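Enquirer: could you look at this predicted model? Sequence included:
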Amino acid sequence: MSITSQAAARGTSSHERLAAQDQPPTDVVQLKHPLRIASAGLVIFTAVAGGYSVVTNENFQWDRVAFYAFNPQILAGLRSTLILTVAAVTMGLVLGIILATFRISQNRVLSGVAGLYLWFFRGTPLLIQLIFWFNFAALYPRLGISIPFGGPELVGASTNDVLTVWFVALLGLTLNEAAYMAEIIRGGLLAVPKQQTEAAQALGMSQLLLFRRVVLPQALRVIIPPTGNQVIGMLKYSSLVSIIALPDLLYSAQLIYSQNFETIPLLIVVSLWYLLCTSILTVIQRRVEKYYGRGTASAPTPKAAKAIRKEKARLSEVPA
Amino acid sequence: MSIGTTEIDQTGAAPMESSNNSPREPIVRVVDLTKSFGGLDVLKGVNLEVERGEVVCILGRSGSGKSTLLRCVNHLERPDSGAVVVDGFVMGYRAKGGKLHELRTGDAAKQRQTVGMVFQSFNLFPHMTVMENLIEAPRKVQGRGRDELVGEARALLKDVGLLEKENAYPGTLSGGQQQRVAIARALMMQPKVMLFDEPTSALDPELVGEVLEAMKRLAATGMTMMVVTHEVGFARNVADRVIFMADGVVVEDGPPSQVIDNPQAPETKTFLSTLL
């Protein structure tokens, strides 16, 4: 019999004093957590009840969800959404790297310009930026290269011919994404201790080499997790382009339900596709994070372990 | 480059100057060096010469300018005035037409190859294995072959007793092991001078010995060394010369028997008495 249960049975003191010659019992009875079990039970009950309701409520029209899940128009929209996401993140990354290097530059003009950019593009809603670019023709009816300050035009075209919805969507998403990526990259670069740069310099490495081989790989460990969030965010924010009538995943669904009013099943289809994509991205993000965490994580990931084995094999071919 | 046992001087006396082909030409010359940080004068005109194969220990209180002096030698700090000449080249500058022209960062980087440096906080690259830490710079900077470098790296790791750690990441090593790897890494560039900036100050007391031992063996090979340290015992046993710095200037300079055992300057006396 354990100390705890004896004490509980007597209901007086929480400890039973052992006499000096008594051997203490060695069997342990772990503390029960009735409240935790009860609240977990309540949560399970609520979830099951909610799930039952979702499945049996005919207003969800699950048969129509199944019907539209692989609708060609929806799939085309999904394709557009994926293309927009990949293109905007990629171009945003490139522009973000440039902006981040400007931002940390010793040159005050460069860092000032980058600061101004960040201030504007992070300070205004993406939705407004998109609508603004969509209506850019109102500001400049023609786009082209001309002699500055009112000189003649050399080459040019009507703004509305250049700014197609795809162009506007990519422009808006990229410029906005670049502002956030710039801050993420800057944070990553600043997170690498100055001593790492000094150690590389002391070994005779040039600025470019030490950036590429020493600073960047370490910065990426800090940059990758928020970048993954940005990609997942961009996948969802790209639905804002439905406002300028680009047939992405959401707008494709809207086009269908504006005609047949099957709004709920179509929105469910769209949500399921978004969920699937974000889930896949989350898995990829975890893998990449583990890779760049090498040397800091306590145990190497399977992939890192494989890389290490490969490296070992390569090195052992070299005669000692 | 090896710090193997072949040239070890068993008596522990001053190293043989066997590799010394021009005995009276100093390999490091520091001339009228000044440096200030935000109005604080850290170096106030330092003059110093180090012969080839000489082991010089630099002692002094925190803030006396020892580390800054060392960092000026490989141009990690840019001096305000004065010059550092290593093996005939003005560090960070090109002497031309009676003026010093500042080097582009790439050229300044090339100059640093002749000077190896070991830092207080080791500064190994955490994302690279020990082997990668060792071969990265000679491979990318000097363009030497991987196989050749791996062999050399193994020899150096064996010398510092860490051969079995070549595939370990620095984060899994003790401070003493990391610092020994850092010494090997610096030697991979085949430097002419080695700088040590308080190499044992960040170590747990029981790990200090293994690093000092590695340094002692390196000294015995005839390597020119400038060591900023608080280890008076090391300075007494291994150094050919001890320099005491206070308030941005060299106040005492001579063999350990003089500077440590029979100090003249009041600053040196006070400093040494606080260590006892």
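Expert: Looks like it came in fine.
Enquirer: need the residues of chain B near chain A, please.
Expert: Residues of chain B lying close to chain A (CB under 8 Å from any CB of the partner chain) are B:74, B:76, B:105-106, B:109-113, B:115-117, B:119, B:121, B:123-129, B:131, B:136-137, B:140-142, B:146-147, B:150-151, B:154, B:166-167, B:169-171, B:185-186, B:189. (Each C-beta comes from the backbone N, C-alpha and C, glycine too.)
Enquirer: are any of those buried, and which?
Expert: Buried members of the residues of chain B next to chain A, counted by 16 or more other CB atoms under 10 Å in any protein chain shown: B:74, B:76, B:109-113, B:115-117, B:119, B:121, B:123-129, B:131, B:136-137, B:140-141, B:150, B:154, B:166, B:169-170, B:185-186, B:189.
Enquirer: low-confidence ranges in the chain?
Expert: Just so you know, I chose chain A. In the predicted model, chain A carries pLDDT under 70 at residues A:1-15, A:295-309, A:311-312, A:314-320.
Enquirer: hmm, no, I was thinking of chain B.
Expert: Where chain B drops to pLDDT under 70, the residues are B:1-24, B:276.
Enquirer: now stretch B:226-246: buried residues?
Expert: By neighbour count on 16+ other CB under 10 Å, the buried set for stretch B:226-246 is B:226-232, B:234-236, B:238-246.
Enquirer: correct me if wrong: B:Leu76 contacts A:Ala202.
Expert: Yes. B:Leu76 sits in contact with A:Ala202 when judged by CB atoms under 8 Å, with a separation of 6.6 Å.
Enquirer: any shared contact partners between these two?
Expert: Shared contacts of B:Leu76 and A:Ala202 (CB atoms under 8 Å, 6 or more residues apart in numbering or on different chains): B:Met117.
Enquirer: ok, residue 61 - contacts?
Expert: Just so you know, I chose chain A. With CB under 8 Å, 6+ apart, A:Gln61 has these contacts: A:Glu262, A:Ile264, A:Pro265.
Enquirer: that was the other one, I meant chain B.
Expert: B:Arg61 touches B:Ala246, B:Phe271, counting by CB under 8 Å, 6+ apart.
Enquirer: for A:Met181, see how far away it is.
Expert: Distance of B:Arg61 to A:Met181, computed by CB to CB, to the nearest Å: 47 Å.
Enquirer: same deal with B:Lys216?
Expert: Per CB to CB, B:Lys216 is found 51 Å from A:Met181.
Enquirer: those two: which is more packed in?
Expert: Set B:Lys216 next to A:Met181 and count neighbours by other CB atoms under 10 Å in any protein chain shown: A:Met181 wins out with 25 against 18.
Enquirer: which helix in the chain has the most residues?
Expert: The chain I'm using is chain A. Scanning chain A for the longest helix, with DSSP state H as the assignment, gives helix A:72-103.
Enquirer: you looked at the wrong chain, it should be chain B
Expert: If each helix of chain B is counted by residues according to DSSP H, the longest one is helix B:205-220.
Enquirer: quick one: list the elements packing against that helix.
Expert: Helix B:205-220 is packed against helix B:175-187, strand B:224-228, helix B:232-238, with contacts defined by 3 or more CB pairs under 8 Å, 6 or more residues apart in numbering or on different chains; DSSP states H and E.
Enquirer: got these as JSON lines, with distance to A:Tyr257 columns?
Expert: Compiled in JSON lines, the helices and strands packed on helix B:205-220 are given as follows (distance: least, CB to CB, whole Å):
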{"stretch": "helix B:175-187", "distance to A:Tyr257": "63"}
{"stretch": "strand B:224-228", "distance to A:Tyr257": "74"}
{"stretch": "helix B:232-238", "distance to A:Tyr257": "81"}
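Enquirer: wait, which of those is closest to A:Thr174?
Expert: Of all the helices and strands packed on helix B:205-220, it is helix B:175-187 that lies closest to A:Thr174, at 41.7 Å by CB to CB.
Enquirer: could you pull out the strands for the stretch 101-250 of chain A?
Expert: With DSSP state E, counting those that start in this stretch as the criterion, the stretch 101-250 of chain A has strands at A:142-146, A:153-158.
Enquirer: please identify the deepest-packed of the ones you listed.
Expert: Ranked by mean neighbour count under mean count of other CB atoms under 10 Å in any protein chain shown, the strands of the stretch 101-250 of chain A are led by strand A:142-146, which reaches a mean of 14.
Enquirer: what's that strand packed up against?
Expert: Judged by 3+ CB pairs under 8 Å, 6+ apart, the packing partners of strand A:142-146 are strand A:153-158, helix A:159-162.
Enquirer: hey, what's the most centrally placed residue in chain B bridged with?
Expert: Nearest residue to the geometric centre of chain B (CA atoms, centre = their mean): B:Leu195, 1.1 Å. In this entry, B:Leu195 is beta-bridged to B:Met117, B:Met226, by DSSP bridges.
Enquirer: please look at it and B:Met226 and confirm they touch.
Expert: Yes. If you go by CB under 8 Å, B:Leu195 and B:Met226 touch, sitting 5.2 Å apart.
Enquirer: between the two, which contacts overlap?
Expert: B:Leu70, B:Val73.
Enquirer: in strands only, show me the residues of chain B next to chain A.
Expert: B:Val115, B:Gly116, B:Met117 (DSSP state E).
Enquirer: which residues does the second one contact?
Expert: With contacts defined as CB under 8 Å, 6+ apart, B:Gly116 is in contact with A:Ala202, B:Ala186, B:Leu187, B:Met189, B:Pro191, B:Val193, B:Met194, B:Leu195.
Enquirer: which of those sits closest to B:Leu100?
Expert: Nearest to B:Leu100 among the contacts of B:Gly116, counting by CB to CB, is B:Val193 at 20.2 Å.
Enquirer: quick check on the closest one: phi, psi?
Expert: Main-chain dihedrals, B:Val193, degrees, to the nearest 10: phi -130, psi 140.
Enquirer: hang on, it packs against B:Gly222?
Expert: No. Using CB under 8 Å, B:Val193 is not in contact with B:Gly222; the gap is 12.0 Å.
Enquirer: how many neighbours does the closest residue to chain B within the stretch 51-200 of chain A have?
Expert: Ranked by CB to the nearest CB, the top residue of the stretch 51-200 of chain A for proximity to chain B is A:Ala199, at 3.6 Å. Residues lying near A:Ala199 (other CB under 10 Å) number 27.
Enquirer: so it is in contact with B:Gln120, correct?
Expert: No. Applying CB under 8 Å as the test, A:Ala199 and B:Gln120 come out as separate, 11.3 Å apart.
Enquirer: tell me which residues of stretch A:282-298 are tucked away?
Expert: Buried-residue list, stretch A:282-298, by 16+ other CB under 10 Å: A:Gln285, A:Val288, A:Glu289, A:Lys290, A:Tyr291, A:Tyr292, A:Gly293, A:Arg294, A:Gly295.
Enquirer: residue contacts, A:Ile256?
Expert: Counting by CB under 8 Å, 6+ apart, A:Ile256 makes contact with A:Tyr68, A:Asn71, A:Gln73, A:Ile74, A:Glu262, A:Leu266.
Enquirer: one more: A:Gly96?
Expert: A:Gly96 neighbours (CB under 8 Å, 6+ apart): A:Glu177, A:Ala178, A:Ala179, A:Tyr180, A:Met181, A:Ala182, A:Ile184, A:Ile185.
Enquirer: need the residues of the stretch 51-200 of chain A near chain B, please.
Expert: By the rule CB under 8 Å from any CB, the part of the stretch 51-200 of chain A lying against chain B is A:Gln195, A:Gln196, A:Glu198, A:Ala199, A:Ala200.
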